[in-house]
Each structure stands twice: as structure tokens, then as C-alpha cells.
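>>> here's my sequence, what's the structure:
(2 chains)
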Amino acid sequence: MEISPCRGTRPYGGIRTEQENFLLIIDLTTSLATALVCVVIVAHSTKERRTSAMRWIRAGVLVLGLGALGDFFALLAHESRLSFPASMSESILWSILSTIGVTQFLRGRRGPSRTERITTLFAALSSSFGLVWLIGLGTIVRKDGVGSADRVLSTIVLFGIALQIAIIVVTLKRTEHASLPGFSTFAGGSLTISVAHAMSAFDHIGIVSISRALTGLFSVAGTIGLGVSLWITNSKRPVRSRSFLVTPLFYAPATIAVVISILKYADTVDEYVFGLTSMVQFAMLIGQTTSHRSAARRTQVALERRVTQRTHELQQANQLVNRAFEFTADGIIALDPEKSILFMNPASRRMLGDTGHVLEMIRTKLLIGETCFDLIDEMTSPPGTIRVIGARLDSPTVSWVLTLRDVTEEMGLLRMKTRMLTAVSHEIRTPLTSLHGSLALLDSGTFAVLPPEAEKLVSIARTSSDRLLRLVNEYLDFERLNSRKPETLTLRIDDLAAVVEEVGRLMGPLAANRMIRLVLDADRVEVPMARDQIVQVLSNLVHNAIKFSSPDCIISVEARRSEEGVTVSVLDRGRGLRPTELERIFEPFFQSSVTENLGGTGMGLSICHSIVSKHGGRIWAEVREGGGAAFRFSLPAVGKTLIDRLAS
Amino acid sequence: MNQTVRSVLVVDDDESIRAIVNLSIRTYGKCAVTLAASGREALELLQRRHFDLIVLDVMIPEMDGPATLREIRRQHPNFRTPVAFLTAKAQTSDSASLLELGASEVISKPFDPRALVDTLCRIVKADHAES
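Numbers count the residues shown, from 1 in each chain, chains lettered A, B, ... in the order given. As a prediction, the model looks like this:
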């Protein structure tokens, strides 16, 4: 039973705080208590049927009781939204009832004094004021939410306080009757409510909570006050005051004014009893308000402390991150969705110097989908190589985070390593040439026929020098194909069948040596290729097949027209492959566990892979049914690289 | 080697390579070979006499193969003798630039003695047919 406007804001809806839980229990208790007291009063008052005023009072109490019961269930069901119209309709009902009650009172036989009439009139006015306040606030809350409602409420309440202080002053000065306690109780209660509302409104702490707590208490107190006044009315003592009627109009029967009025005016036992009850209720009210206020204050202080602490922690963490950004050797740049610089740390500023044209280039790179690229010399300050790694973010504020790393030194070392290895390889080739040539001349028997032992030794030396040469060549090929600036591939339309034939010629002697038969079967397919390199790929595959096959095996080399262009296969019945290694076999320096102990650098297939990829084709391996391996590569009919070149 | 080829000039700074080329040409080509260890030495020899074929190593100290060839052409505007380069670099891009200089062939090291002489014969034959 509350006049609280806050029902409309679902104070108990959703997730509830501890405080709200507590208030809910109070509300439930007071609603139930009110309903019970109302039932007792109605049952008791049915004995008295003489005056129509009593009938109205009974009816009123009945409505109050039913309302309280309804409120109780509504709260229980957490349907607090429904409670707002319930409270409003109650209020309207009580306004009507109070008007009727006042009319009855004014027409009463014993006729009240002029002062009583005036005070009752004020009471009716205040009642209307309460109604207007309720409706107005309800509308505001619904429209704008609690924030602006708080401001309007505090204004209205201040106005109400002024009005009610005036009423109390007038009443205290004019009234000489026992009706005073009833009215001043109402007035004081209203004042307390208003002050409580004002305080909470100004503090912005739990206006909902406090007003609900107060109105809940007023409900209990008001009902008890009503009961007491009815008891007095029904007792055989002369009824001195019918202005008790105003009490149930508002649920606020406690006030400090009661104390003053009792001390100043009370002269009957009834008046003392009622006054004392009011005082007790008032004390309860103050206690509740204070405890609620301090609880709210405590919660707020704790909350504030936590917020301050968290803010401090966040600031510290932020500062740490900022310091890290500031002192890291890597450059870090954040770009917004328009690819403008959002953030740039000192390292990146140092690396890039003038950012204008560099940023333009970075934007272009990102636009064409490059997320890892190097900026060289003229883009950097001082000249060097800066590697940029871009990470795309799915955020409305930051779209790219770029990491800039100075790789000048690494690149220098890499270049030096390559230069050194290449130089060494070249240097090795010259003595190898002499060795190879000398052995070949010796072996040819042109100068002298060698004894069998010497011939055997020369043959061993030739095989070894061949192997050494192959190693050096493979390394040089590998280095060339993996260098950052690959040599441009010159593709010419050429016949695959001719390539197969050439490889057959090259590999024939080796195969014959090992008693292996090479079966060539090639369609005439003309595709764009760098012939030397494709010969190298196929030779390498055939060489491998010969190396890993046992004597008397057959190795087939096929070239077939396919959808893509041409597919070349080298099929053997050798040691085969592990299915798990099919993918990895083309990685540089990978050694298959099947062929691990047979020598080889692990570069051959990697070179094949590079060459085929550069042609826009693909290379793969299969495990053959019945044993052995199949190595296949395909080349596009119109080279992908060729299309790229034409496009550019 | 061939009736038209009587003398070959071999320019290489590496003594053993010079020896192998010398032996190979003499054995399979049956003609006189003159050896030079540097570009300068080759230029001096060319001032004095005529060769039917020049085998020029690319990587020789001081004046390298291509530089030597350019210098020969500068000194002898009517130079028509076929030149074969010997190179330890086997990259196609290198070969292409050497052929552009007017070399007849680029032979990569290491080479098979017989194959070397076969190649040289082919060059001379082609050159002869042209003229």
C-alpha cells in the first residue's frame, strides 16, 4: 500500500540487490499486516451500524485491506509494474472516500468547530495534492525514467514541504480539540515522507528504496492508527473527534507535532493513548529511515571506493602498457577504419621519419592484401630494411595494428650468408671441374689402358665427384629459387613429349646401369614453360625413382593432357612413401624415414616444388597400390605466371 | 678438330682447368692450343697472331671474361673469331647476358671433356657455315 511512485520503475524487477531484497520483505510484511489489520477492524466494526460515517469507514478499510492483499500478491509475483496502477487506483479511491468522509463529518450532528472544519479542509487539500503528485510523477517516470523524475520530484516535494509546514503552523495555532493529534499526525507523516523523498532525490541515492521503505512503514502505522481511532470511536467515551477520518486517507500517522500537541493540548486518556502510539510509530519511522539511509550510504561509499580502486588499477595498467609501447624497440602503429594513424609509438616515428608517403605505400600494400612486407632504404630513416606486419582487427575504432621491426641487420647477415655460400659453391666448382675432367680423361682410356684395380678406383673417384657436384648444384638451385628477388621466369611454349624424351636420354644410362627399364609414354602437349627447369624437375623425379628402386624394376614416365593443361607422372615400384609424409616431402631438407639412410640433401623435391609453383602448377606424391610411389606434377595450359605477366 | 681450326686460345686463370681444356682439345680435337692465364695476356697474344677459336673463362681476376671480350672488340674492330665462355655460374640469366655480348656458346663448369670438344666443334662448324 504505497503512494510511492516508484512502482512504475520496477524496483524489484530483474537482478535485485541485497537492499532491495530486504525492502521486498518489508513490503510483503507490511502489505500482509495491513490486510490482516483491515480484516480485524472490519470484523470488529460490523457491530456498529448506526452512523453512515461508520459504514463508509468500514467500506474504506475493506478496500484498503483488499488493496494491501492485492499488493502482497503482486509483489510476490514480482510484477511490480502492475503495482503502479494499483497504487494509483487506491489513491483515487481513498480521495473519494476522504471527500465523502469529510462531507459526513461536516454534516455531523455534533458539528465540529470552525477550526476543525478548516483543518479538515486542509487535509482534503493535502490529499488532493498527494494524488496530483502521484499522477504527475507516474507520468514523468514513465516518460523520462528516474533521472529527470528525481529533479521534478524534488521540486514538487520542496513545494509540498512548504505547504505542509504552513498547515502545521496554522493547525497548532488554531486547534483546541483532540482532532488535532489525528490531523497533525497526518501532516507530520507527510512532512517526513516529503523530507525523505527530498533527501534521497538530492542525494540521488535510492529514492526508490527509501520512499518504499517509508510508505511501507506508514501503511502499518496508519492502519494501527486507524484501528486505535476506531476503537476510541466505538468506545463508550464521548467521541470528541471525528477528524480521525483523515488518518486512513494517508498512511502517515507519525510526527513530532504529535508530541508538541499532546504536551500542549491533550486532556483525555484517548488523546494520550493515540499520541503515544503515534510517537512510537514516529520513532520507528525515524529509525528505519536512518538505518536505510546509512545502509544506502554505506553501499554507496563502498561502491565509490571500489570504483576509485579499479580506476587506479586501470590507470596503472594503462600507464604500464603506454610505457611498454614507448620503450619497445619495435614500432607499433594503429590505423582507424579510414587507415589514418590513430596511434604511433616513438620507435615507429624513429624508423619512418616522414610518414606521409610511407603511409600511402602501407595503405596500398594493405589494400592489395599484403600483410607482411619490407620497406627498404628510401622509405626508412636511417636507410635500412623495416619489416611491416599488419594484423587486422574487427573493431569499429581500430582496423589495423602494424608492427614495424628493424631487420636491417638480419637482412645484412642473410645476404652475407648467401653470398658466402654461393661464393664457396662457385669456388668448389672450379676444382671440381678439374677433378671431373681429369677423371673423365683417365677413364676414357685415351692415354693408357688402366689395370682393373686402377679403373675401379677411378670409377669410385668419378662417382664421388659427381655426387659432390650434384650437392653443390642443388644448393645453388635452392638458393636461387628461394632468394628474395627470384630471377624472372621466361616461359616459352614447348612440347612436353620432347621434355620427356630428353629426360629419358639423360637418365637412360643411369637406369641401364642399375638394370632398370624406363618406359616413356607422353602425349604431345604444348604448354608454356622454362624448358631447362622442367627438365630439371623431371630429371630429379626420375633420378629419385631410379635411386630408390631395386634392379629389374620398371619406371614409367607419363605425360597426359588434363583439364588444367598437362599432368606428368613418374611411377615406380620402389620403397614407396608413408601416407603421413606425403605433404611434408616437398619441404626443404625433409628426409623421408623410408629413404633416410640413402643420402641426399633433402633439397631436390623442394627445388621441384619451387619450380612447378613458379609455373603456376602443382606437384604432389601418392602411394601406389601394389607398392611404390607416384610423383606427379601438373602445368597449366596457359601459365598462371604468364597471365600475371600479361596483366601487369 | 676440324680442317678450318688450326689454333685455339684458352684463357683461364686456373692452371688445372687450363691443363684439362688443353688436354681435352688436343686429345679429341687434334689441334694446337695456346694458353693464357689472364685477359691481358690474351690481348697481347691477339696483337701478335690470329686464333680460329677463343675459349674464355668468365671469372678471371683483374679483367674478367666479358671485359676482355669487350676490350678485344675495341682493339680489333673487325674481330669475327667465335668465342665460347666457360662459367662456373650456371644460371640462365647469366648465360643470356653473355650471349648478348656476342659469345657463340656458354659452357658451364664442370664439363665433360668429350662434350666440351663436341660443343666447340659445333660452334666452329656453325660459324664456318655462316661465313
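>>> tell me what the longest helix along chain B is packed against?
Of all the segments of type helix in chain B, defined by DSSP state H, the longest one is helix B:113-130. In terms of contact count using 3 or more C-beta pairs under 8 Å, 6 or more residues apart in numbering or on different chains; DSSP states H and E, helix B:113-130 is assigned the packing partners helix A:408-444, helix B:15-24, strand B:53-57, strand B:83-87, strand B:105-108. Backbone N, C-alpha and C define where each C-beta goes, glycine included.
>>> tell me which element residue A:515 falls in.
Assigning secondary structure by DSSP states H and E places residue A:515 outside every helix and strand.
>>> shouldn't it be in contact with residue A:552?
Yes. In this structure residue A:515 lies within contact range of residue A:552 using C-beta atoms under 8 Å: 5.5 Å.
>>> lowest mean pLDDT across the helices and strands packed on helix B:113-130, which one is that?
Ranked by mean pLDDT, the helices and strands packed on helix B:113-130 end with helix A:408-444 at the bottom, a mean of 84.
>>> and the helices and strands packed on helix B:113-130 as JSON lines, adding mean neighbour count?
Converted to JSON lines, the helices and strands packed on helix B:113-130 look like this (neighbours: other C-beta atoms under 10 Å in any protein chain shown):
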{"stretch": "helix A:408-444", "mean neighbour count": "16"}
{"stretch": "helix B:15-24", "mean neighbour count": "20"}
{"stretch": "strand B:53-57", "mean neighbour count": "26"}
{"stretch": "strand B:83-87", "mean neighbour count": "23"}
{"stretch": "strand B:105-108", "mean neighbour count": "19"}
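>>> turn the ones you listed into JSON lines, including distance to residue A:364.
Putting the helices and strands packed on helix B:113-130 into JSON lines (distance: least, C-beta to C-beta, whole Å) gives the following:
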{"stretch": "helix A:408-444", "distance to residue A:364": "22"}
{"stretch": "helix B:15-24", "distance to residue A:364": "50"}
{"stretch": "strand B:53-57", "distance to residue A:364": "46"}
{"stretch": "strand B:83-87", "distance to residue A:364": "40"}
{"stretch": "strand B:105-108", "distance to residue A:364": "40"}
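>>> out of these, flag the one nearest residue B:42.
Across the helices and strands packed on helix B:113-130, the minimum distance to residue B:42, taken as C-beta to C-beta, is reached by strand B:53-57, at 7.5 Å.
>>> run me through the strand neighbours of that closest one, direction for each.
Paired with strand B:53-57 in the same sheet, following DSSP bridges, are strand B:7-11 (parallel), strand B:83-87 (parallel).
>>> can you tell which of these is closest to residue A:496?
Distances from residue A:496 to each of those were compared using C-beta to C-beta; the minimum, 29.0 Å, belongs to strand B:83-87.
>>> orientation of that closest one relative to helix A:408-444 in degrees?
Here strand B:83-87 runs at an angle of 120 degrees relative to helix A:408-444 (axes from the mean of the first three to the mean of the last three C-alpha atoms, to 10 degrees).
>>> got the CA positions of strand B:83-87 in PDB?
Written as PDB, here are the backbone C-alpha positions of strand B:83-87 (Å, rounded to 0.1, in the frame of the first residue of the first chain):
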ATOM      1  CA  VAL B  83      84.200 -17.100 -78.600                       C
ATOM      2  CA  ALA B  84      82.900 -19.700 -76.100                       C
ATOM      3  CA  PHE B  85      82.600 -18.700 -72.500                       C
ATOM      4  CA  LEU B  86      83.400 -21.000 -69.600                       C
ATOM      5  CA  THR B  87      81.500 -20.300 -66.500                       C
END
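>>> pLDDT-wise, which helix or strand of chain B ranks last?
Per-element confidence for chain B was summarised using mean pLDDT, DSSP states H and E. The lowest value among helices and strands belongs to helix B:92-100, with a mean of 76.
>>> and that helix, which residues are buried?
Of all the residues in helix B:92-100, those buried under the rule 16 or more other C-beta atoms under 10 Å in any protein chain shown are B:94, B:95, B:98.
>>> for that helix, packing partners?
Under the contact criterion of 3+ C-beta pairs under 8 Å, 6+ apart, the helices and strands touching helix B:92-100 comprise helix B:65-75, strand B:83-87, strand B:105-108.
>>> can you add distance to residue A:300 and give these back as a markdown table?
Formatted as a markdown table, the entries for those read as follows, by distance: least, C-beta to C-beta, whole Å:
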| stretch | distance to residue A:300 |
| --- | --- |
| helix B:65-75 | 89 |
| strand B:83-87 | 88 |
| strand B:105-108 | 88 |
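>>> check which helix or strand covers residue A:557.
Taking DSSP H and E as the criterion, the element that holds residue A:557 is strand A:554-561.
>>> that strand - which strands sit beside it in the sheet, and in what orientation?
Based on DSSP bridges, the strands next to strand A:554-561 in the sheet, each with its direction, are strand A:517-522 (parallel), strand A:565-571 (antiparallel).
>>> low-confidence bits of chain A, can you list those?
Per-residue confidence for chain A (pLDDT under 70) gives these ranges: A:1-298, A:354-356, A:377-382, A:482-489, A:592-601, A:638-648.
>>> would you mind listing what in it touches chain B?
Residues of chain A found near chain B (C-beta under 8 Å from any C-beta of the partner chain) are A:426, A:429-438, A:440-441, A:444, A:446-447, A:469, A:473, A:476, A:480, A:487, A:490, A:530, A:532.
>>> ramachandran coordinates for residue B:30?
Phi and psi for residue B:30, reported as degrees, to the nearest 10, are phi 50, psi 60.
>>> for it, give its distance to chain A.
Spatial separation of residue B:30 from chain A under the definition C-beta to the nearest C-beta, to the nearest Å is 12 Å.
>>> any chance of the buried residues of helix B:92-100 in a markdown table with distance to residue A:346 as columns?
Formatted as a markdown table, the entries for the buried residues of helix B:92-100 read as follows, by distance: C-beta to C-beta, whole Å:
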| residue | distance to residue A:346 |
| --- | --- |
| B:94 | 46 |
| B:95 | 50 |
| B:98 | 51 |
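>>> and of these, the nearest to residue B:21?
For those, the closest approach to residue B:21 (C-beta to C-beta) belongs to residue B:98, at 17.5 Å.
>>> that closest one reaches residue B:107, doesn't it?
No. Contact between residue B:98 and residue B:107 fails when scored by C-beta under 8 Å: they sit 10.3 Å apart.
>>> by how many degrees do the least confident helix or strand of chain B and helix B:65-75 diverge?
Relative orientation of helix B:92-100 with respect to helix B:65-75: 10 degrees, computed using the same axes, to 10 degrees.
>>> what lies in contact with helix B:92-100?
With contact meaning C-beta atoms under 8 Å, 6 or more residues apart in numbering or on different chains, helix B:92-100 is reached by A:487, A:490, A:530, A:532, B:58, B:65, B:66, B:85, B:87, B:106, B:108.
>>> care to break chain A down by domain?
As recorded under automatic domain parsing, the domains making up chain A are A:5-306, A:331-406, A:418-482, A:492-647.
>>> where does chain B dip in pLDDT?
For chain B (pLDDT under 70), the answer is B:1-5, B:90-93, B:131.
>>> tell me which residue is most central in it.
Taking C-alpha atoms, centre = their mean as the criterion, residue B:55 is the residue nearest the geometric centre of chain B, at 1.2 Å.
>>> what sits against that residue?
Residue B:55 touches B:8, B:9, B:10, B:11, B:12, B:21, B:83, B:84, B:86, B:107, B:120, counting by C-beta under 8 Å, 6+ apart.
>>> please redo it, this time with the cut-off set to 6 Å
For residue B:55, the residues meeting the contact criterion (C-beta atoms under 6 Å, 6 or more residues apart in numbering or on different chains) are B:10, B:84.
>>> got it, and the one 10 residues further on?
Counting by C-beta under 6 Å, 6+ apart, residue B:65 touches B:56, B:57, B:58, B:85.
>>> cool, residue A:333 as well?
Residue A:333 neighbours (C-beta under 6 Å, 6+ apart): A:344, A:348, A:402.
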